[in-house]
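Undergrad: Generate a structure from the sequence data that follows.
(2 chains)
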Amino acid sequence: MSTEVTSTTTTTAAPVPQPTSLTPWAALGERFRRGDLGQLPAVLMLVVIAIFFQITSQGFFFFPRNLSNLMLQIATTACLSLGAVLVLLLGEIDLSMAAVANFCGAVMVTLSVYHGFGALPALLAGLVAGAIIGLINGFVVAVLRVPSFVVTLAGYIFYSGLLLHILLPNTTIRLIDPTLTGIMTNYVTFPWDVLIPIPVLAIFVGLLLYTRAQRRRANLALSPIWDVWGRIGLAILLFAGGLFIFESAFGVPYSTFLLVGLILLLWIMLRFTRFGRHIYAVGGNAEAARRAGINVIWIRIAVFTLTSTLAALGGILDSSRAISATAQVDPALLLNAIAVAVIGGVSLFGGRGSIWGVVLGALVIGSLSNGLDLLSSQNADIKLMVEGVVLLIAVIIDALARRRNAVQGR
Amino acid sequence: MAENQPEAPGGAQLPGSEQSAGAVAPQGEPVLRLLGISKAFGAVQALKDVDFEVYAGEVVGLVGDNGAGKSTLIKTISGVNIPDSGEILLDGRRVSINGPADATALGIETVYQDLALCDNLDVVSNLFLGREDSAGPLPFGRIMREVEMERRTVQVLKQLDVKIPSVRVPVASLSGGQRQSIAVAKTILRNARLVLLDEPTAALGVAQTRQVLNLIRRLRDQGLAVVVISHNLADVFEVVDRVIVMRLGRRAATFDIHATTAEQVVAAITGAEFGEEPEVNGATPGATLAS
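TA: Residues are numbered from 1 along each chain as shown, chains lettered A, B, ... in the order given. From the prediction side, this is the model:
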């Protein structure tokens, strides 16, 4: 094939500044210049917050037990944020998430308590309820082309009412099923918390090196070697560090295991599958995506369904942690979920952001809340004000990055 | 309209109906030939009995004033509009184009002015958008072969001599000329035989215009048939082999670019010199063709 002939000279096709010669700092500078800050602001924010609370709480913040507790606190919000990232990538929004979460949690609880459902059927029913709600949202948004803002606002109101209705005549129902309450109180302990992640880590490293070998064979520009080892090192560090902290407490919470698994799955979906690529395409330029033959309607419906299902899962975690279902939709939940995504670098205008942003965003919001709790003198007033400021900073960074991108663009 | 009376026995005038200044079409069968295409939007007759042809390895410039029917003609070829009457021949075989997908399947690709690029995606993703090289059992699980797609991207860009800093930068960070080039490269990846370019140099700077014109030449050298709609006669004269002038929904004139002047083309566009020409076209050869 003629391709073999060209492949030996492909590197000359474009005057690529030899990436292998790039130092980490130069690469970072290059990204800055492009306005592509990625998750750097969130990382800095997290570091500042962590150090601040470590000092002000007299060293209690970094206690393994506190960090373990932190992971339980952020589980519900993080789960909703995963869904928020998906809709935000489309350039849409889902305001019904919190109501859907609490409603679906209540579905699970009522089925378990009033109708004698087993743990698994009740849990699945909660998830299916979420999926159906998402399907309806997606249909109205994608097919009838009603702005998602309004559709999901209506959903928020409706499902708040439905939540009240299914709990009647009570306002709170206590969850008894030990399996369901166990989701948030049980821990994965040694040796499973080591044995399960290690193969995943090994596959990650293997794929990274395999892809590099493949690119070398195809004569493509290679990312600098420090980048590869940096990624591998970071993965191992996070794994080992996380494990060390959790082992120093009670083990890895079920919900953390679940969340990490979900993040990995969604990352693979968004980054490596056609479906994920098409989500970014629709968020970037829906008309171009349509003309490229992408079924935009199906993508939108699928994403709204996924989002509401993730919200339902978040609600189930919430009910499990609270050991009950209440008739009141948590007003902070929705805003926190969206704030987490935005702090994590996901653009509100669609098409930009990564699921990893949720990890950072959730840690930022969670640390703020957790840290302010530790300084027990502060109450909700300070908490909300600080959260508001942090969110504003995150959105300003997003807007500035966009503007720089646009100015530099053409 | 008087000139549309079908009983006018004007068929004999047909050869004279077109002003030709030494237009010598390349020999052989055109890649695409349109015969007697008419299209009306309500009371507006956008195309009246238009013939059109483009050969492989040739760049045809399609010029005309606003509302002359250029866009309608292009949309007919690309399947956006379905003509009221007339025939479309591809390699001499009659085909029907009932939608953009049909046109794509026949190897006809259109680059519209808005380029239809996703600014947030990188070059590779844009080139393969909707046609990602992937494998897997589920719609959620079709993993893309990134390395292979990138290899082919580099290959196509080299083939077209398009220079960009990296195929992994978002398209938003590229210049107008580079973006136009990416949009054109997309058609090559789809194995296009005929590429339609709508105002490819509009809103481009001098250097970028040059870049795009070079790209058009390279498409021709690869043996593709290229149709360029343009308002910019300087660009047309630089890159085109033949000029087809549309006026008031008709094909008003055809020029060989080497045997004509800008003044002649402008005159044909405005109808200044050939003012009587609509009457010349009065016969409806479409009627004869239909029989």
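Undergrad: can you pull up the bridge partners for the residue lying closest to residue B:108 once chain neighbours are set aside?
TA: With CB to CB, 6 or more residues apart in numbering or on different chains as the measure, residue B:194 is the residue that lies nearest to residue B:108, at 4.8 Å, once sequence neighbours are left out. For the C-beta atoms, the positions are set from N, CA and C on the backbone; glycine is no exception. On the basis of DSSP bridges, residue B:194 is bridged to residue B:108, residue B:225.
Undergrad: Tell me how many other residues crowd residue B:194.
TA: Per other CB atoms under 10 Å in any protein chain shown, the neighbour tally for residue B:194 reads 24.
Undergrad: got it, and residue A:172?
TA: Count around residue A:172 with other CB under 10 Å applied: 13.
Undergrad: which residues sit in contact with the residue nearest to residue B:108?
TA: B:31-32, B:54, B:77, B:107-109, B:224-227 (CB atoms under 8 Å, 6 or more residues apart in numbering or on different chains).
Undergrad: now for these, which pair is the farthest apart?
TA: B:77 and B:224 (14.2 Å; CB to CB).
Undergrad: shaky segments in the chain?
TA: No chain in the question, so chain A it is. Filtered on pLDDT under 70, chain A yields the residue ranges A:1-22, A:30-38, A:377-378, A:398, A:401-402, A:404-410.
Undergrad: Actually, chain B is the one I wanted.
TA: Scanning chain B with the threshold set as pLDDT under 70 gives B:1-27, B:139, B:273-291.
Undergrad: tell me the contacts of the nearest residue to residue A:286 once chain neighbours are set aside?
TA: In space, and not counting its chain neighbours, residue A:286 is closest to residue A:296: 5.7 Å by CB to CB, 6+ apart. Counting by CB under 8 Å, 6+ apart, residue A:296 makes contact with A:142, A:282, A:286, A:289-290.
Undergrad: again, only using 6 Å
TA: Contact analysis of residue A:296 by CB atoms under 6 Å, 6 or more residues apart in numbering or on different chains lists A:282, A:286, A:289-290.
Undergrad: Enumerate residues external to stretch A:228-241 that contact any of its residues.
TA: By CB under 6 Å, 6+ apart, the residues outside stretch A:228-241 that reach it are A:197, A:201, A:204-205, A:208.
Undergrad: Now the buried members of these.
TA: Neighbour-count burial within the contacts of stretch A:228-241 applies to A:197, A:204, A:208; the criterion is 16 or more other CB atoms under 10 Å in any protein chain shown.
Undergrad: how close does the last one sit to residue A:107?
TA: Spelled out, it's residue A:208. Per CB to CB, to the nearest Å, residue A:208 is found 41 Å from residue A:107.
Undergrad: Residue B:213 too?
TA: In terms of CB to CB, residue B:213 sits 63 Å off from residue A:107.
Undergrad: Compare those two (neighbour count), which wins?
TA: With neighbours defined as other CB under 10 Å, residue B:213 and residue A:107 compare such that residue A:107 has more, 27 against 21.
Undergrad: Contact partners for the more buried one?
TA: Counting by CB under 6 Å, 6+ apart, the residues that residue A:107 touches are A:125-126, A:129.
Undergrad: how about 8 Å then?
TA: Applying CB under 8 Å, 6+ apart to residue A:107 gives the contacts A:125-126, A:129, A:166.
Undergrad: And residue A:98, by the same measure?
TA: Residue A:98 neighbours (CB under 8 Å, 6+ apart): A:80, A:156, A:311, A:329-331, A:333-334, A:337.
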